[in-house]
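Asker: Please find the sequence and the predicted model below.
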Amino acid sequence: GMLSADQLLTLSEVAREYGLGYVQLAARQGVEIPGVSFGDLPVLQQTLTAAGLPTGSPGAHPQNVVVCTGQEKCAHCFVDARGLASMLDLLLGGEEYPSPVRIAIAACSSGCTAPQLADIGFVGTVDPVLDRAACNGCGRCAGICDERALTMRRGLPRRDPLRCDNCGACIAACELHALRPGRVGYTVYVGGHGGRRPQFGTVLARFLPEREAAGIALRILSFLRDRGQPRERLGALVQRLGLDALRAHVHSRLLL
């Protein structure tokens, strides 16, 4: 989803010369150039690749990783979502799988990239920790919490962990920094998809450390590659074999 000014100029020139003179932004942060003939594809791909814009892979490859704007725009972001997206984009190219794979990363629980509807979805989470001595009891954190997980009692915010979705809004709202990040990591969803019969992903892990996020994606994909049937999406595979089979596969790879 990030293009430099020079890359935009290249897209403009390519669209004029080989396409219909315009580009279209796809739902998953890709760019489409309508009207290109098959005969022009080799030279077009060479031009785009030279500009750092390789064309998407058709078929059963991991298709583009989608990521939210992250730290640059979101006060609730406590993970390096774009860093994870860049790493996965480099690691996942070229491998064949039984079916297309879509990965979505959201830096917070607002889920702007719909990670719950991706084959593999990552949602940044943070555990707020209260420094009682720094809190002045203003109640701003409780007022901003959409989940009503914070209530003021005896001049201090009390958190209901069953209501809290670990979005970090209360931390961002506290001007005194009385609420600070504790555990930080990802909630990992597997098996979601949109389309004709949409399916919500299942939680595989919570508060997964950032350093383990790329590795767990590779292990999930190896499960699909090793156990999946032709054209079987990850969600269907998990339904057929069970979430425990995926957990066992991921855990066994962790021990290697």
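Answerer: That came through, no problem.
Asker: so Asp31 touches Val23, yeah?
Answerer: Wrong residue type there; residue 31 is Val, not Asp. Yes. Assessed by CB atoms under 8 Å, Val31 is found in contact with Val23 at 5.3 Å. Every C-beta, even on glycine, is put in place using the N, C-alpha and C of the backbone.
Asker: what about the strands in the protein?
Answerer: 24-25, 31-32, 62-67, 101-106, 120-130, 150-153, 156-159, 179-190, 202-208 (DSSP state E).
Asker: List the neighbouring strands of the fourth one plus their orientation.
Answerer: Applying DSSP bridges to the sheet, strand 101-106 is found paired with strand 62-67 (parallel), strand 120-130 (parallel).
Asker: what residues are up against the nearest residue to Gly155 once chain neighbours are set aside?
Answerer: Nearest residue to Gly155, sequence neighbours excluded (CB to CB, 6 or more residues apart in numbering): Gly137, at 3.7 Å. With contacts defined as CB atoms under 8 Å, 6 or more residues apart in numbering, Gly137 is in contact with Met152, Gly155, Leu156.
Asker: Can you lay out these as CSV showing neighbour count and distance to Pro42?
Answerer: CSV is the format used below for the contacts of Gly137 (neighbours: other CB atoms under 10 Å; distance: CB to CB, whole Å):
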residue, neighbour count, distance to Pro42
Met152, 14, 66
Gly155, 11, 70
Leu156, 14, 66
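Asker: Now tell me what touches stretch 241-256 from outside.
Answerer: By CB under 8 Å, 6+ apart, stretch 241-256 touches Val190, Thr202, Leu204, Ile216, Arg219, Ile220, Ser222, Phe223, Asp226, Arg227, Val238.
Asker: what's near enough to touch the residue lying farthest from the centre of the chain?
Answerer: Going by CA atoms, centre = their mean, the residue of the chain most distant from its centre is Arg154, 39.1 Å out. By CB under 8 Å, 6+ apart, Arg154 lies in contact with nothing.
Asker: All the helices of the protein, residue numbers only.
Answerer: Using DSSP state H, the helices of the chain run over residues 5-18, 41-50, 81-91, 140-144, 169-173, 213-227, 234-241, 243-254.
Asker: The longest one packs against which elements?
Answerer: If contacts are counted by 3 or more CB pairs under 8 Å, 6 or more residues apart in numbering; DSSP states H and E, helix 213-227 sits against helix 81-91, strand 101-106, strand 120-130, strand 179-190, strand 202-208, helix 234-241, helix 243-254.
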